[in-house]
Structures are given as C-alpha cells and as structure tokens.
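J.: Give the three-dimensional model of this entry:
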Amino acid sequence: MPVPSESSPRRAAPPSATRTVWGAGAAGRIEILLDPPARQPRGVALVAHPQPLLGGSARHKVPHVLAHALRDQGWLALRPNFRGVGASEGRHDHGAGETEDLLALAAQARAEHPGLPLALMGFSFGAYVQSHVAARMAAAGDPALHVLLAGMPVGQVQDWRSYEPAAVPGAWLVHGELDERAPLRALMEWSREPAHPVFVVPGADHFFTGRLQLLREFVAALVGGD
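T.: All right, here's what the predicted structure looks like:
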C-alpha cells in the first residue's frame, strides 16, 4: 500500500455517532446527548434547547445544528435535556432551576476535561437560560470562553410568558429579522443601553428556517480559530 505524501489529500475522520450520557443536576439525573469530535476535543460546549412547555428538547433541529457545528470544529458538544424533558428528572422551573442545572453540568464538564475551554450556546428559552449561566460564571471569576445566544426572547412573548435575560458582555447574539416568537425589536431595545451588538439574519424566522447553514457558519467563526 503506498504511503501518502504530505501533498496527498487526506480523508477527514468521520464524526462519531451521538450517544446518551448522564449528568447530575439540582433536581436529579439529567439526560445528555453527547456529540464527540473525530479527534481529541479542543473544547467542551453546553448547548441548551428551546422551551420545554412548547415541546422543546435536545433533539430540536436548532440545538442539533449548533452541536454538530461544534463537533465539526473539534469541540465536544453536550446537549442536556432540561428537567422534565426526555429522561431528565425534575419539573420545569421557568429558567431558575434550569440555570442551576447547567451550572452544575458546566462544573462537571470542566472537572472531567481539565484545561479545555468551555463554550455556552443556546436557542430561544435555552439562550435565555444560558445568559444567566454565563453571567453567573463571569461574576464568579470563571467565565466561559465563548457564548452564543440565538433567538433569545426578551420581555413578554406569546402565551404571556416573560423573560429578563442577563447581560453577557462579549456574547454573540444571533437573531432572525422576522422572528415571530421573540421579536427582534425587543432584543434591540434590550441591547441598546449597553450598546451590545446583534447579528441579524435577514429574512430569518424564529427557527432560522432555510438559514440554518448560517448558524453553522457563526459557530465556525466563533470557535474555529481557537
């Protein structure tokens, strides 16, 4: 068999299959979908899913895309099911308990992978929760290296739910121009006082329909240079 030269094309190792692992949260056991990279991970990321009360789970298409984009950039991606979703124990806690759970999972991930950077990403309700996780970690003097919050709700939205995200300097805020569930206008008002930049995807709805490839590109731009 010929030995490939340095100039010969090399096939990229195929990604490993998604598998289920378990973590511990304040309300009990947490089911986690793990997407490992083909080689030794360059970092560890927690990816949070949309509103459980509306059927959101770790298998939703947006966290799926975020996690696989991270995996393809060499990161170990963890997609926990929030409490009460899938096989995760506990009951929905409107963001407060979910924040505590993700803080616990972040500590566990860092303990299991010492020395690797941590990224936090979330979509919709998951972005709202991750804003509080990121703010708590930063206040404790141990911030995540990267934070990406997509489709984050601000203020009152459908079904009388209301959200007050935490300010996270340095986070990437990605939002659809035509988001019908978490209106862009509310996010722009919220981000105006700290002059926090927002990446607006033209023509995109809340679920980034037809624009999911752009989310992959945002992930690559954020974590790909580490």
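J.: which stretches of this structure form helices?
T.: Using DSSP state H, the helices of the chain run over residues 61-72, 96-112, 125-139, 184-192, 212-223.
J.: quick one: contacts of the longest one?
T.: Spelled out, it's helix 96-112. Contacts to helix 96-112, defined as CB atoms under 8 Å, 6 or more residues apart in numbering, come from residues 23-27, 30, 32, 44, 46, 48, 78, 80, 82-83, 90, 92, 116, 118, 120, 129-130, 132-133, 136-137, 144. For every residue, glycine as well, the C-beta is placed using N, CA and C.
J.: sorry, back to before: minimum distance to Gln156: which of the helices of the chain has it?
T.: helix 184-192 (8.4 Å; CB to CB).
J.: What residues sit buried inside that closest one?
T.: Applying a neighbour-count criterion of 16 or more other CB atoms under 10 Å, one finds 184, 186-187, 190-191 buried in helix 184-192.
J.: quick one on the thing from earlier: whichever of the contacts of helix 96-112 end up buried, select them in ChimeraX.
T.: In ChimeraX, a selection of the buried entries from the contacts of helix 96-112 looks like this (16+ other CB under 10 Å):
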select :23,25,26,27,30,32,44,46,48,78,80,82,83,90,116,118,120,129,130,132,133,136,137,144
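J.: any idea how far the residue nearest to Arg211 when sequence neighbours are not counted is from Phe218?
T.: In space, Arg211 comes closest to Ala204 once its chain neighbours are excluded; the distance is 4.4 Å by CB to CB, 6 or more residues apart in numbering. Separation of Ala204 from Phe218 (CB to CB, to the nearest Å) stands at 12 Å.
J.: likewise Gly55?
T.: Using CB to CB, Gly55 is found at 24 Å from Phe218.
J.: ok, back up a step: if you count surrounding residues, which of Ala204 and Phe218 has more?
T.: Using other CB atoms under 10 Å as the criterion, Ala204 and Phe218 rank with Ala204 on top: 23 against 19.
J.: you'd agree that one is up against Glu180?
T.: No - Ala204 is beyond contact range of Glu180, at 10.6 Å (criterion: CB atoms under 8 Å).
J.: partner residues bridging the most centrally placed residue in the chain?
T.: Geometric centre of the chain, nearest residue: Met121, 2.1 Å, by CA atoms, centre = their mean. Taking DSSP bridges as the rule, Met121 bridges to Val47, Leu148.
J.: isn't it right up against Leu46?
T.: Yes - Met121 sits in contact with Leu46 when judged by CB under 8 Å, with a separation of 7.3 Å.
J.: Between these two, which contacts overlap?
T.: Contacts common to Met121 and Leu46, judged by CB under 8 Å, 6+ apart, are Gln130.
J.: dump the residue contacts of the residue lying closest to Glu189 once chain neighbours are set aside.
T.: Spatial nearest neighbour of Glu189, excluding adjacent residues (CB to CB, 6+ apart): Val154 at 7.5 Å. Contact partners of Val154, counting by CB under 8 Å, 6+ apart, are 163-165, 182, 186-187, 189-190.
J.: Over to Leu212?
T.: 61-62, 65.
J.: From Arg39, how far out is it?
T.: Applying CB to CB to Leu212 and Arg39 gives a distance of 25 Å.
J.: go on, Thr20?
T.: From Thr20 across to Arg39, the span is 22 Å (CB to CB).
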